[in-house]
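1. What would the 3D arrangement of this be:
(3 chains)
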Amino acid sequence: MTPILSATDLRKTFGSTPALDGAGMSVAAGEVVAVMGPSGSGKSTLLHCLAGIVAPDSGSVVYAGRELSAMTDKERSALRRGAFGFVFQFGQLVPELSCLENVALPMRLGGTKRRVAEARAREWLDRLEVGEVGAKRPGEVSGGQGQRVAVARALVTAPKVVFADEPTGALDSLNGEQVMRLLVETARETGAAIVLVTHEARVAAYSDREVIVRDGRTRSPELVP
Amino acid sequence: MSGWRSDLAIGVRLAVGGGRTSVARFVLSTIGVGIAVLVLLMAASVGTIAGNRDDRTMAQSPDSTPIEGVAPTEMVWDGTSFRGQRIGVKRLRGTGPDSPLPVGVPRMPAADEMYVSAALKELLDSPESELLRPRFPQRVVGVLPPEAVADPYDLEAYTGLRQDYAEGDVTAVYKFGVTYDRDLQPEFLLLLLLGVVALLVPVFIFVASSTRIAGAERDRRLAALRLVGGDSRQVRRIAAAETLVSALAGLVVGAVAFLLLRPVAASVRLMGVGVYPSDVVPSWWLVGVIVVAVPALAVLTAQAALRRTIIEPLGVVRFSRPVRRRVVWRLLLVAAGAALLLVELGDENSDIWAVRIAMGTTLMLVGVPVLLPVVVERVVSRLRGGPPSWQLAVRRLQLDSGTSARVIGGIAVVLAGAIALQALLFSQASAVGLGQTDQPGRTGAVTEPMARGWVGADGADEIAELLSGVEGVEWVARFTTADLSADMNENNVLGVAIASCADIERVYRVADCADGDVFTWPNALADQGYAPGQRLTSIEWTENGMAALGEWTLPTEVREIAVEDSMGRSENLLVTPAAAPPGADDRGVGLRIMMDPSNPDTIEHLRNATFDLVGTDFYFDGNMGANVTEEQETFLTIQRGLLIGSLFTLMLAGVSLLVLAVEHIRERRRPLAVLAASGVPTGSIARSLLWQIGVPIGLGVVVAVATGVGLAALVNRMTNDPLLVDWAGVGVMTGAAAVLGVLVCLVTLPFLRSATRVESLRTE
Amino acid sequence: MSIGHALLGLLETGPRHGYDLKRVYDEHFGQDRPLAYGQVYATLSRLLKNGLVEERGVEAGGGPERKRYAITDAGVTDLGAWLVTPENPQVYLQSALYTKVVLALMSGRSAEEVLDVQRAAHLRTMRELTRRKQGGDLADQLICDHALFHLEADLRWLELTAARLTELAKAVAE
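-> Residues are numbered from 1 along each chain as shown, chains lettered A, B, ... in the order given. Below is the predicted model of the structure:
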């Protein structure tokens, strides 16, 4: 299967600390890949590089045949808006906007009319079983509801890849399970691939395969005989 | 473009209606911009106010250039004072049926009729004016309309001139209303330019910092927008729309406040100057500039603030260690300002000269807020140790000193401007003779309040008699004068007063005066090069200069008087009648009236007694304020304006400091609550807040004093005046800034207390 | 897991045939390992001997499979005591995996590889359980989660060991 997103030999240094030291991985369409590893191993940086949020010092990230580093900021932004979706541990929702507006935001940034965008957003909130929180602000809903809103926002543009960085990190087990179930189920229905950064095996068990990051380097178990 | 519109819509949406915190943010920055707009609108009205005043003054001014076919109106300027207030009286007499009339006077008043300004009418109607009314026996036949009175508080009257009045001071007026250009003297223009720059720079800095309120929070929000795919231009547009909303709201708030405050401002009388509400109208093109510049400035500063943050969708996370600020361009800016002031270019009072000064001053003043962040950063990074509150504050400042430095830059720039202005004023004040001491060389006070008069020789005795009977008058001394010359040079004349021994003993506390004695004041003769025994000529003034009246020899024995005050106005010699120079009798008699110091109304009684004495000239010490020259008047007005302005701007800076401190607490609610919860006493946290404001303020004051004095030195160099720094004034200004800092801290304490309650750990 | 107590618990709801017991047990607890008939009857006869159950009527046809069993009072007491006795937290200090890791280090093989392979195996199992959980009812979910948490615990041990391999290698070499 040809990968839609692949990274090779990524290196990235923050200050004097190397975060990535020759990491690489690939994601096939519709595939759920868990990126695992201890804290500070570089797994978040790997995700940021894959998503084009952080530019690696060297190495390449190719999405759908195009080198991310060769794109303009505008193109990368359009990619984040349309082809990618993001679910982080917390903080990715804009606190001033209502949940509904938050979900509609990527579409509106893409130029979709408000009414159309908000209608779609409402469908997605219903689909993630949080239709009732649409009018509330992120600060007024529970953590589990907030993460579902975040999942709705990540999926509303029918992305090809969803990047999830510890999406259940701030949730208890039950809410974590529900968010993961909804994320994986809806992603499979829409055919989105998921890059799932987590240090929890139970969360990683929702993936199809895992990539282990240690000291900025990746190892995939497939390579092990 | 619909994309643009939708970005702007998102920005607007983010600015308004986003929960309590975003409403608070919106309100704070709106108020900030609103205050600035209010100040700017007031400033924009100054031109109209001054212009309308000038117009009214000019419309009232008489033109005595003969006009053919016009029967002129004869006019005598008269006036009196009442408890320190000057009352102008113009007496009019028509020479024909169509003789010209001043604005607001419908017909020629008879000698027993008068038209008065509203303020004078009010004064005459009030019970306090009991001692004034005798001087205005005329009937009030009309009140002058506002367009006839330059200042609403001016006390003015037009009355008829008696038909038999034939003194020489009658002016023939062919027309009321003149046009002339009021050219400001270069040094006044300089002061005005400096003042305007020094006051407006902080206002703009204030606008800039108002729109950057809650910067950290905003950065985080915009980073979240980047994450979901806003490209950097879109996010800039959204941020612009966001600031634009509060800038526009601020414009509206400022405009409304201006309209509401206009009548109030007009009723306020600042240091003797009042304005009509209808005068408080900003000039239309300045309004245009404000409407465009304020939002533009707001958006530009917001964009400038985004320079670094916006690059990455993860926002501030990766910027834990801020970039070290570049110092070179900042210094270059100040150097450019100094260079502009140092280079000789353009004649005094030319346009180039004015532009050069304005630019140089602006650059140097802008240098203050520009340099301050660097200074604060460099100094703070060297600080170590100290008590926990100090450590907390220093560490916090090391992380982010930019925000507070920026706001304190606003205070520092006012301070620098005010110090520069004060130094200039101080130096200029001695130039126009308004120094701290009344007259250099002739110090020493008159021991008793007194008045002087000048009457014709004929009626002198009766008048002296009359005045002796006035309530509160203790002594009326009489003297005549003579003038002596050594070389018949008009510019070198020695004034002499001749008085009796009784009068000399009473006025100068001299004992054992004998007729034939000659007195002088310490150094008065030697300073002017006269020596005992010198032969002098007694002179009189003629149309062609001076004529000799006889010889007079300066005696070898001249007694010195300790009380340093002359009998008349400027004589250096006081002689008894037996020693009088020849030809000293018939020039009229000077009166010197000693008054009871415990009865302040004596002067008013005296005025009442003297007001209708024809051919006399009285002036009173209680009236010295009205005795300043017109040049000094202009100067004082400018000084007042600048002082009021600096105080107001300092207040503005205080408000922005407050906003900063409250916002700081709000933004750091959680960490503060954690500190409090883990047992750090609120007192320590409060002290650390005080340090956090106090350290930058201290540095700001240092930078401001240096810049202010430097600026004054540079400008004084241009005008070739010696630099005098009013260190006491500098002390007061810096003290005010320090007090402002402490006050702001005190006001923020309740906010701090609510933030450090442990319950606030739970919010959000 | 004490099968005897599980059967006692099932019998408390009413007397049952042996076959019946096996069916109900498998339904609730037997996802991984269904009970063998022999085990059911062996257990029942042990319980019978201890007086915790009794035979309650034999249906026509005879044979052990036609017997109905009921819980005795002693059985009820015993069951109650068991339920409130905490399970001994099981400590596998000498687990096979630990043995493998130590042996790998001692023989100079790659211990990391042992761990990686083990992790992959664990995750594979966990994936299956997760998939089953997603398709199953509440009971399925709870049971799968139980297993998942246990496997996760193993994996966390694996991660910790992996992080401390150098330290361990030093200790083994001594």
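
2. need the next SSE after the helix or strand of chain C with the lowest mean pLDDT, C-terminal direction.
-> In chain C, no helix or strand scores lower on mean pLDDT, DSSP states H and E than helix C:96-106, which sits at a mean of 69. Moving toward the C-terminus from helix C:96-106, the next helix or strand (DSSP states H and E) is helix C:111-135.

3. Looking at the helix or strand just after that next one now, give me its mean pLDDT.
-> Downstream of helix C:111-135, the first helix or strand assigned by DSSP H and E is helix C:138-163. Per-residue pLDDT values over helix C:138-163 give a mean of 84.

4. Can you name the next helix or strand after helix C:138-163?
-> Helices and strands here follow DSSP H and E; after helix C:138-163, the next one along the chain is helix C:165-173.

5. Neighbours of residue 15, how many?
-> Reading this off chain A. A count of nearby residues for residue A:15, using other CB atoms under 10 Å in any protein chain shown, gives 9. C-betas here are computed from N, CA, C, even on glycine.

6. my bad, the chain I had in mind was chain C
-> Per other CB under 10 Å, the neighbour tally for residue C:15 reads 16.

7. now the nearest residue to it once chain neighbours are set aside: how far from chain B?
-> Counting by CB to CB, 6 or more residues apart in numbering or on different chains, residue C:15 lies nearest to residue C:70, which is 3.9 Å off, once chain neighbours are set aside. Using CB to the nearest CB, to the nearest Å, we find residue C:70 at a distance of 55 Å from chain B.

8. got the CA positions of the strand or helix carrying residue C:70 in PDB?
-> Remark: residue C:70 resides in strand C:67-71, with elements defined by DSSP H and E. Output in PDB follows, covering the C-alpha atoms of strand C:67-71 (Å, rounded to 0.1, in the frame of the first residue of the first chain):
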ATOM      1  CA  LYS C  67     -28.800 -34.200  39.100                       C
ATOM      2  CA  ARG C  68     -29.800 -30.800  40.300                       C
ATOM      3  CA  TYR C  69     -27.600 -29.000  42.800                       C
ATOM      4  CA  ALA C  70     -28.500 -26.400  45.400                       C
ATOM      5  CA  ILE C  71     -26.400 -24.300  47.700                       C
END
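
9. re the thing from before, just list the residues touching the residue nearest to residue C:15, thanks.
-> By CB atoms under 8 Å, 6 or more residues apart in numbering or on different chains, the residues touching residue C:70 are C:11, C:14, C:15, C:53, C:54, C:55, C:56.

10. and the closest residue in space to residue B:110 that isn't next to it in sequence, how many residues sit next to it?
-> Sequence neighbours aside, residue B:160 is the residue nearest to residue B:110 in space, at 4.5 Å (criterion: CB to CB, 6+ apart). Residues contacting residue B:160 under the criterion other CB under 10 Å number 18.

11. ditto for residue A:6
-> Neighbouring residues of residue A:6 were enumerated by other CB under 10 Å; the total is 16.

12. Would you confirm that it contacts residue A:29?
-> No - in this structure residue A:6 lies outside contact range of residue A:29 using CB atoms under 8 Å: 11.9 Å.

13. Dig out what the residue nearest to residue C:15 forms beta bridges with.
-> For residue C:70, the residues forming beta bridges with it (DSSP bridges) are residue C:54.

14. What separation do you get for it and residue C:50?
-> Separation of residue C:70 from residue C:50 (CB to CB, to the nearest Å) stands at 15 Å.

15. where do the helices sit along chain A?
-> Residue ranges of the helices in chain A, as given by DSSP state H, are A:43-50, A:73-82, A:99-109, A:114-127, A:143-155, A:173-190, A:201-204.

16. Columns distance to residue B:197, mean neighbour count and mean pLDDT on top of the ones you listed, output as JSON lines?
-> Formatted as JSON lines, the entries for the helices of chain A read as follows, by distance: least, CB to CB, whole Å; neighbours: other CB atoms under 10 Å in any protein chain shown; pLDDT from 0 to 100:
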{"stretch": "helix A:43-50", "distance to residue B:197": "48", "mean neighbour count": "25", "mean pLDDT": "87"}
{"stretch": "helix A:73-82", "distance to residue B:197": "40", "mean neighbour count": "19", "mean pLDDT": "82"}
{"stretch": "helix A:99-109", "distance to residue B:197": "43", "mean neighbour count": "26", "mean pLDDT": "86"}
{"stretch": "helix A:114-127", "distance to residue B:197": "46", "mean neighbour count": "17", "mean pLDDT": "89"}
{"stretch": "helix A:143-155", "distance to residue B:197": "50", "mean neighbour count": "25", "mean pLDDT": "89"}
{"stretch": "helix A:173-190", "distance to residue B:197": "59", "mean neighbour count": "18", "mean pLDDT": "88"}
{"stretch": "helix A:201-204", "distance to residue B:197": "63", "mean neighbour count": "24", "mean pLDDT": "88"}
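
17. mind giving me CSV with these and columns for distance to residue A:23?
-> As requested, the helices of chain A are exported to CSV (distance: least, CB to CB, whole Å):
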stretch, distance to residue A:23
helix A:43-50, 5
helix A:73-82, 20
helix A:99-109, 28
helix A:114-127, 33
helix A:143-155, 23
helix A:173-190, 23
helix A:201-204, 17
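
18. Chain B: which of these is closest?
-> Of all these, it is helix A:73-82 that lies closest to chain B, at 2.5 Å by CB to the nearest CB.

19. Show me the contact partners of the closest one.
-> When contacts are taken as CB under 8 Å, 6+ apart, the neighbours of helix A:73-82 outside the stretch itself are A:51-53, A:63, A:68, A:71, A:86, A:106, A:109-110, A:157, A:159, B:226-234, B:313.
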